[in-house]
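Engineer: test case, fold it:
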Amino acid sequence: MIRRPPRSTLFPYTTLFRSLLAIIGGSGIYDIDGLTDTHWVEVETPFGSPSDALLHGSLNGQPLVFLPRHGRGHGVLPTDINFRANIDALKRVGVTDILSMSAVGSLREDLAPGAFVIIDQFIDRSFARPKTFFGTGLAAHVSMAHPVCGRLGGVLEAAALEAGIQTSRGGTYLVMEGPQFSTLAESRLYRSWGCNVIGMTNMPEAKLAREAEICYATVAMVTDFDCWHPDHDNVTVDNVIAVLFANADKARSLVKHAAPRLASHQGPCIKGCQTALDDAIITAPEFRDPAMVEKLDAVAGRVLNI
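Structural biologist: Numbers count the residues shown, from 1 in each chain. Predicted coordinates for the structure are as follows:
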């Protein structure tokens, strides 16, 4: 059964009375330490099933939702992730803020394995994934000039400093389709474009979060040098996994320090994330497909008056 999203009478720009944080865990992040009162909730969406059930819990008294992007046990390849179902499910249970924790390769000498980067831009080179909730009968165009939430980025930077985690603020994440790693020619090309890191999962995730009016930020956790580096010219799974475990511990610490800083936020977001659809829908009301309108009850219900 598809769950109806909660409604707020206090904050018309959001779906909740207060913020609700979700963590999307990438490779190596399959749980969150310190969560209490935990329970897994299956959520069905008009776009199918998400990668896994949603883990609801409390972190130092703050409600939190966790979604393992690749499923528990890492059984879902990047191309096969149902990104639309993931974001719809999070919106449907009332999530207002998403912190995406993502394993990446480095395209810069100064970003060695173990480095964390708070991303502020993307280049999307994925090609085999649905990238919008909208479609024929209900067209919309949201701005992606600034694809992540600057407010969340500031929170993450402060939390990293507090936790003693060395983190770079700002960088471009090149999203490749995968699941194979880059060729040497590709790696060199992406470096020439000025990209900082390379990964397989943050698009269309960030685009869909923007369409769903959810604040979104990415922490890119470096596991390798891709294949451009003369001393590290071959990415292997065993090498990546060794760094993943160390990164995962730092990621959990970062979440513990960031979550309390987000607890007091009440919408709308000052960066405009939670009002992204205000002027985005271009289809005139009388020409909108009722089935599409119903399908987007969670994602766009605020502007569709559902």
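Engineer: low-confidence regions, the stretch 1-150 of the chain specifically.
Structural biologist: 1-17, 27-28, 30-31 (pLDDT under 70).
Engineer: was I right to think residue 120 contacts residue 170?
Structural biologist: Yes: with contact defined as CB atoms under 8 Å, residue 120 reaches residue 170; the gap is 4.8 Å. For every residue, glycine as well, the C-beta is placed using N, CA and C.
Engineer: quick one, which of these two is more surrounded?
Structural biologist: Neighbours were tallied for residue 120 and for residue 170 using other CB atoms under 10 Å; the higher tally belongs to residue 120 (19 against 12).
Engineer: list the residues that contact the more buried one.
Structural biologist: Shown in contact with residue 120 (CB atoms under 8 Å, 6 or more residues apart in numbering): 146-148, 150, 153, 169-172.
Engineer: tabulate these (TSV), appending secondary structure and distance to residue 214.
Structural biologist: Shown next, in TSV, are these (DSSP: H, G, I helix; E, B strand; the rest coil; distance: CB to CB, whole Å):
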residue	secondary structure	distance to residue 214
146	coil	15
147	coil	13
148	coil	11
150	helix	15
153	helix	15
169	strand	21
170	coil	21
171	coil	21
172	strand	22
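Engineer: which stretches in this structure count as strands?
Structural biologist: Here the chain has its strands, by DSSP state E, at 21-25, 36-41, 54-59, 62-68, 97-106, 116-118, 121-124, 167-169, 172-175, 197-199, 215-224.
Engineer: what's the angle between the last one and strand 21-25?
Structural biologist: Note on geometry: by axes from the mean of the first three to the mean of the last three CA atoms, to 10 degrees, strand 215-224 and strand 21-25 are set 30 degrees apart in direction.
Engineer: chain center to strand 215-224: distance?
Structural biologist: Averaged C-alpha coordinates place strand 215-224 at 9 Å from its chain's average position (CA atoms, centre = their mean, to the nearest Å).
Engineer: what strands line up against that strand, and which way round?
Structural biologist: strand 97-106 (parallel), strand 116-118 (antiparallel) (DSSP bridges).
Engineer: which of these sits closest to residue 129?
Structural biologist: strand 97-106 (15.4 Å; CB to CB).
Engineer: so what's the gap between that closest one and the chain middle?
Structural biologist: That offset, for strand 97-106, works out to 7 Å (CA atoms, centre = their mean).
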